[in-house]
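K.L.:
3D model of this:
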Amino acid sequence: MNLTQSKNWLLYLLFSFILYTASAQVEQELSYNWESPLEWGGGNFSVPPWFAENLNYHGHEVLHFHPDYYNYGTEGFWTYNFALIVNELDIPTTNDIVNETRLYFVGLGRILGDHKNSELSIDEIEVKALGDWKKNGHKNYQKYLLQAFDPWETGKAIMLHVRVTTWLCENKNQRVIIYSISPKDFDNQIWKLLKKDSESFECK
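P.N.:
Sure, this is the predicted structure:
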C-alpha cells in the first residue's frame, strides 16, 4: 500500500468513525416513541435549542401542537405538549424548572415569531409553582403558572397554565420532562386532550 492509499484508508476510517458516532448519538437521542392518538403534529430539534442556548439541559426536544395552536380566540390557541429527552438524570427541583422555563420562554419571545421582542427581559417572564412535586406511579408532576410573551399572533403577554411531568426512561440513561401548556384553566376540557396526548409518550 503506497502513501496515497494509506492516507485515503485513514480518511475512510475517520469518516466511518464520525458517521458511526453520529448515528449512535442520534439513536440514543431518539430512544422514544410518541405517536399522538390525536394526530397532533409538530417538530423536533436538539437541546439546548438555538433560541435558548443557556439551558442546562442536553438532549432532544419533540413538540405536539393542538391544530388551533396559532389561531387566536379558539379553544386550542397556545395549547401544546413538548417533551425534553435529556441526559440529566436527577429529578429537577422546582427552582430548576422555574429557571429553565424562564430561559426557554425568554428565548422564544426574543428570537421567534412575527412579534418577537429583542428587548424582552427575563424579569418579564414569571414562573410560579402551584404546590410541590406529586407522584403518580413512577412519574412526578407539578403545576405552574407561566406569565409569558406571545411572539406568534398578538405580541402581548399571555398567562399559561403548565403541567410538568418527569420520569426516567427505561434505559435509566435519560430523563423525559414533558410540558403540557394551555391558557385554559386546569379544569377545562382541553386538559383531557393534553393528557391523552402526553400519556402516549414512551421512553425506551
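
K.L.:
what does the domain assignment say about this protein?
P.N.:
Taking automatic domain parsing as the reference, the chain has its domains at 1-30, 35-203.

K.L.:
Ranking these by mean neighbour count, which comes first?
P.N.:
A comparison of these by mean neighbour count, using mean count of other Cβ atoms under 10 Å, puts domain 35-203 on top with a mean of 17. Every C-beta, even on glycine, is put in place using the N, C-alpha and C of the backbone.

K.L.:
just to revisit the earlier point, include mean pLDDT when you put the domains of the chain into TSV, please.
P.N.:
Conversion of these to TSV gives the following (pLDDT from 0 to 100):
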stretch	mean pLDDT
domain 1-30	41
domain 35-203	96
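
K.L.:
Skipping its backbone neighbours, what lies nearest Trp78 in space?
P.N.:
Distances taken as Cβ to Cβ, 6 or more residues apart in numbering place Pro183 nearest to Trp78, at 5.3 Å, with adjacent residues excluded.

K.L.:
show me what contacts the one you found?
P.N.:
Pro183 is in contact with 77-79, 158-161, counting by Cβ atoms under 8 Å, 6 or more residues apart in numbering.

K.L.:
The protein: helices as residue ranges?
P.N.:
Taking DSSP state H as the test, the helices found in the chain are 3-29, 94-111, 190-198.

K.L.:
what residues are up against the closest residue to Phe149 other than its chain neighbours?
P.N.:
Spatial nearest neighbour of Phe149, chain neighbours left out: Gly109 (3.8 Å); criterion: Cβ to Cβ, 6+ apart. Shown in contact with Gly109 (Cβ under 8 Å, 6+ apart): 116-117, 120, 125, 148-149, 151.

K.L.:
mind checking how far Ile125 is from Leu103?
P.N.:
Applying Cβ to Cβ, to the nearest Å, the value for Ile125 to Leu103 is 9 Å.

K.L.:
Lys139 too?
P.N.:
Lys139 sits 24 Å away from Leu103, going by Cβ to Cβ.

K.L.:
Trp133 now?
P.N.:
20 Å.

K.L.:
one step back: which one of the contacts of Gly109 sits closest to Tyr69?
P.N.:
Nearest to Tyr69 among the contacts of Gly109, counting by Cβ to Cβ, is Pro151 at 12.9 Å.

K.L.:
can you pull the contacts of the closest one?
P.N.:
108-109, 112-117.

K.L.:
on that earlier part again, measure the residue nearest to Trp78 to Phe77 for me?
P.N.:
For Pro183, the distance to Phe77 - Cβ to Cβ - is 7 Å.

K.L.:
got a list of what the residue nearest to Lys134 when sequence neighbours are not counted touches?
P.N.:
Among residues not flanking Lys134 along the chain, Tyr141 sits closest, at 5.8 Å (Cβ to Cβ, 6+ apart). By Cβ under 8 Å, 6+ apart, the contact set of Tyr141 is 133-134, 163-166.
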